[in-house]
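Enquirer: Sequence first, predicted coordinates after that:
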Amino acid sequence: FDPARAQTAIFEGKQMERPNEPFDALSFPSLAHRTNRIDAKESELIDMTVFTVPDRTMEDGDQCRILKLREGGSIDDNFSVEGGMVYELARNVGRFQLSYLNSEGELKQEWKLPDAGYELPCAVVVELGMGCGEDEQDWCLLIPLHLSNNAAGCSFEEEQLRDVCEIRK
């Protein structure tokens with residue numbers, strides 16, 4: 001993540017602007033993609049996005065969505081994907097919200113590398129609601145990134161992180 005280099009990897013967490021829509025998106029570079037051929041002439045690093053789309057097979061498809069993963073290609077602000085591969089991760093997603101823990105211990109709703117001095121967040125908080133309506137079950141996962149981001153001063157006491165995964169409805 002060197003801003004002086006010609007190519008800069010992107011880590012971008014987007015909070016969706018639409019009202020009452022608990023669905024976010026996250027784009028990031030990864031080495032964890034599939035290659036179809038062992039001698040493929042492609043980069044080891046690939047751009048990925050985790051996002052949701054409405055489930056058009058259901059009446060409440062805008063509220064009950066499909067969680068997808070894009071590997072490679074490009075994606076626009078309306079989540080139209082061109083090229084690459086798109087995988088379905090889960091159906092009946094009622095919530096997919098992300099927040100980002102900065103080095104001051106504050107949760108931010110968006111994270112863009114240029115705005116953050118080209119540093120990763122200390123952690124990503126993933127809130128996932130599976131099922132729709134009354135049957136929805138919520139999970140929260142705190143994913144620390146301090147191993148790859150030691151320079152950002154990411155060290156917190158357990159008490160500071162105690163309420164990070166309180167599901168916000």
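Expert: Looks like it arrived, so ask away. Note that the structure is a prediction, hence the values are computed from the model and not measured. Residues are numbered from 1 along each chain as shown.
Enquirer: Mind naming the longest strand for this protein?
Expert: For the chain, the strand reaching the highest residue count under DSSP state E is reported as strand 85-101.
Enquirer: Flag every buried residue along that strand.
Expert: For strand 85-101, burial by neighbour count (16 or more other C-beta atoms under 10 Å) applies to 86, 92, 93, 94, 95, 96, 97, 98, 99, 100, 101. Every C-beta, even on glycine, is put in place using the N, C-alpha and C of the backbone.
Enquirer: how much space between residue 66 and residue 13?
Expert: Distance, residue 66 to residue 13, by C-beta to C-beta, to the nearest Å: 20 Å.
Enquirer: Then residue 109?
Expert: Distance from residue 109 to residue 13, counting by C-beta to C-beta: 8 Å.
Enquirer: Quick check: neighbours shared by the two?
Expert: Counting by C-beta atoms under 8 Å, 6 or more residues apart in numbering, the shared contacts of residue 109 and residue 13 are residue 100.
Enquirer: Show me which of the two is the more surrounded one.
Expert: Shown here are residue 109 and residue 13; by other C-beta atoms under 10 Å, residue 13 has more neighbours (20 against 13).
Enquirer: Tell me who's in contact with the nearest residue in space to residue 107 that is not next to it in sequence.
Expert: In this structure, residue 107 finds its nearest non-sequential neighbour in residue 99, 4.5 Å apart by C-beta to C-beta, 6 or more residues apart in numbering. Each residue near residue 99 by C-beta under 8 Å, 6+ apart is listed here: 107, 108, 109, 124, 125, 127.
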